[in-house]
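Novice: need a structure here:
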Amino acid sequence: MKLIVLFVLVGVLPMTVGAYLNYRSTAQALEDASRSKLEATLTQKKGQIESWFGERRADITVLASFPEVRDAAEQYELAFDDGGPQGARYQAVQQKFDPLLRGIKEGYGYYDLFLISPSGTVHYTVAHEADFGSDLVKGSYKDTALAKVFRRARSGEVALSDFESYAPSNGDPASFIAAPVKRGNEVVAVLALQMPLGTIDDIMQERTGLGETGETYLVGSDFKMRSDSRFSKKSTVLEQEVRTQGTEAALGGKAGVGKIATTAACRCGARMPRSTCTA
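Specialist: Numbering: from 1, shown residues only. This next block holds a predicted model:
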């Protein structure tokens, strides 16, 4: 009987070890495949986000060079100073240029378009929110993201802001891009555009390569999300903090699985539950 038991044990142990090693090998292969898929997804998202911001920079550079935009900015400023937005002169300028500017805003898919004088007065916006007519140098919105890009654009550069809560837009997250409008070498106005959030969410929430439980998201330098989680019913932009080893490494400039750099002072991350990798 002891001999039989010994043979049984000798026979079972190699089978058990073999099964375990086979399981470990299979699990590792699945995890490696999942890692490769995740790396490919992150690389794709990184490229899409960088391309999107690059297109926005190209948009405003071209738009700011249009003679019609320059003429509109100059005429709105003169009309605003001569009777204000309710004056006859302003209304005449509005009738002439508003269809063009509104068409640009809607055709390019932006939330709003602004014409700002070099002194900082917002002489025109399509949306006509509380920032219309405000002073971005001394007024209540002087510390907003719009004011920050205005100051940089006034000095001659194309400027892009991070997402911040923006009071005139009901406190919703907003990002702006601005460029100088010139006549010759003189900056006669600043053109600013308020970014749409939807396109970024469309890019980040596209789940190819992530299965049912994975997701990609943008994280800012404050570790708060700059895109909405596809698993949340509420907006997570500027609300949900993602402070993990991955985001800390990414914001420290390190790239790898789950953490890659993007533009606009943000980082792009992805997560896929381990159960998805090894199941």
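
Novice: Arg57 contacts Leu160, doesn't it?
Specialist: Yes - counting by CB atoms under 8 Å, Arg57 does reach Leu160; the two are 7.1 Å apart. Yep, even glycine has a C-beta here, placed from its N, CA and C like the rest.

Novice: which one of those two has more residues nearby?
Specialist: Leu160 (21 against 15; other CB atoms under 10 Å).

Novice: partner residues bridging the more buried one?
Specialist: Leu160 has these beta-bridge partners by DSSP bridges: Ile177.

Novice: per-residue confidence for Thr43?
Specialist: Thr43 carries a pLDDT value of 72.

Novice: assumed it was part of a strand.
Specialist: No - under DSSP: H, G, I helix; E, B strand; the rest coil, Thr43 sits outside any strand and is assigned helix.

Novice: where do the contact lists of Arg57 and Leu160 overlap?
Specialist: Contact criterion CB atoms under 8 Å, 6 or more residues apart in numbering; residues shared by Arg57 and Leu160: Ile177.

Novice: so who does Glu129 touch?
Specialist: Counting by CB under 8 Å, 6+ apart, Glu129 makes contact with 112, 168-169.

Novice: switch the cut-off to 7 Å
Specialist: 168-169 (CB atoms under 7 Å, 6 or more residues apart in numbering).

Novice: what sits closest to Tyr141 if chain neighbours are left out?
Specialist: Leaving aside its chain neighbours, Tyr141 sits nearest to Ser134 (5.1 Å; criterion: CB to CB, 6 or more residues apart in numbering).

Novice: report the central residue of this structure.
Specialist: Nearest to the mean C-alpha position of the chain, by CA atoms, centre = their mean, lies Ile200 at 5.5 Å.

Novice: residues touching it, list them.
Specialist: Contact analysis of Ile200 by CB under 7 Å, 6+ apart lists 218, 227.

Novice: also Tyr217?
Specialist: Contact partners of Tyr217, counting by CB under 7 Å, 6+ apart, are 204, 225, 227, 229, 242, 269.

Novice: show the pLDDT at the second one.
Specialist: Spelled out, that is Met225. 79.

Novice: mind checking how far it is from Asp131?
Specialist: Met225 is 25 Å from Asp131, where distance means CB to CB, to the nearest Å.

Novice: point out where the chain drops to low pLDDT.
Specialist: The chain contains residues with pLDDT under 70 at 1-41, 205-214, 239, 253-279.

Novice: strands along that one, start to end?
Specialist: 112-116, 122-125, 159-160, 164-166, 172-174, 176-183, 186-194, 215-220, 259-261, 266-271 (DSSP state E).

Novice: give me every residue that touches Thr121.
Specialist: Thr121 is in contact with 80, 135, counting by CB under 7 Å, 6+ apart.
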